[in-house]
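Colleague: Fold the following and give me the result.
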Amino acid sequence: MARDGRCPRFVFQEWRSILDRLTVIEIANFLRSDTPMARRLRQSSPFAGVLSEAERRVIRQRYEKARA
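Modeller: Residues are numbered from 1 along each chain as shown. Okay, the predicted model is just below:
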């Protein structure tokens, strides 16, 4: 059981629905959105492992630099 009380499998069913239903641009917008659903689903992203640690580090550094 996930911390929010939901079955982890349900979360991935939600992701499957999003990935099947939305366009690439809509998915990108969803990933950046601040809606409660987007924030919740980002906690169990199906994209884990897509980027290497080095790629994630570069993205974090760019993000931190942009926020400064």
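Colleague: Quick one: mean pLDDT over the helix or strand containing Met37.
Modeller: Using DSSP states H and E, Met37 sits within helix 36-42. Mean pLDDT, helix 36-42: 92.
Colleague: next one: it to chain centre, how far?
Modeller: Here the centre of helix 36-42 is set off from its chain's centre by 8 Å, with C-alpha atoms, centre = their mean, to the nearest Å.
Colleague: Begin at 880, not 1, for the rest of this chat.
Modeller: All set: I'll call the first residue 880, so the last point we hit is now helix 915-921.
Colleague: Tell me the buried residues in that helix?
Modeller: Leu920 (16 or more other C-beta atoms under 10 Å). Using the backbone N, CA and C atoms, a C-beta is placed for each residue, glycine as well.
Colleague: Distance of the nearest residue to Arg921 once chain neighbours are set aside relative to Arg918?
Modeller: Once flanking residues are discounted, Arg921 sits nearest to Leu910: 7.2 Å by C-beta to C-beta, 6 or more residues apart in numbering. Per C-beta to C-beta, to the nearest Å, Leu910 is found 11 Å from Arg918.
Colleague: Just the strands from the chain, written as ranges.
Modeller: Here the chain has no strands by DSSP state E.
Colleague: in it, which residue is closest to the centre?
Modeller: Arg921 (3.5 Å; C-alpha atoms, centre = their mean).
Colleague: I figured that one hits Arg911, correct?
Modeller: No - judged on C-beta atoms under 8 Å, Arg921 makes no contact with Arg911 at a distance of 9.9 Å.
Colleague: Low-confidence stretches in the protein?
Modeller: Residue ranges of the chain with pLDDT under 70: 880-887.
Colleague: And the helices in it?
Modeller: 887-900, 903-911, 915-921, 932-946 (DSSP state H).
Colleague: What is the neighbour count of Arg936?
Modeller: 11 (other C-beta atoms under 10 Å).
Colleague: how near is the closest residue to Arg911 other than its chain neighbours to Glu905?
Modeller: Closest residue to Arg911 apart from its sequence neighbours, by C-beta to C-beta, 6+ apart: Ala917 at 8.0 Å. Computed with C-beta to C-beta, the distance linking Ala917 and Glu905 is 12 Å.
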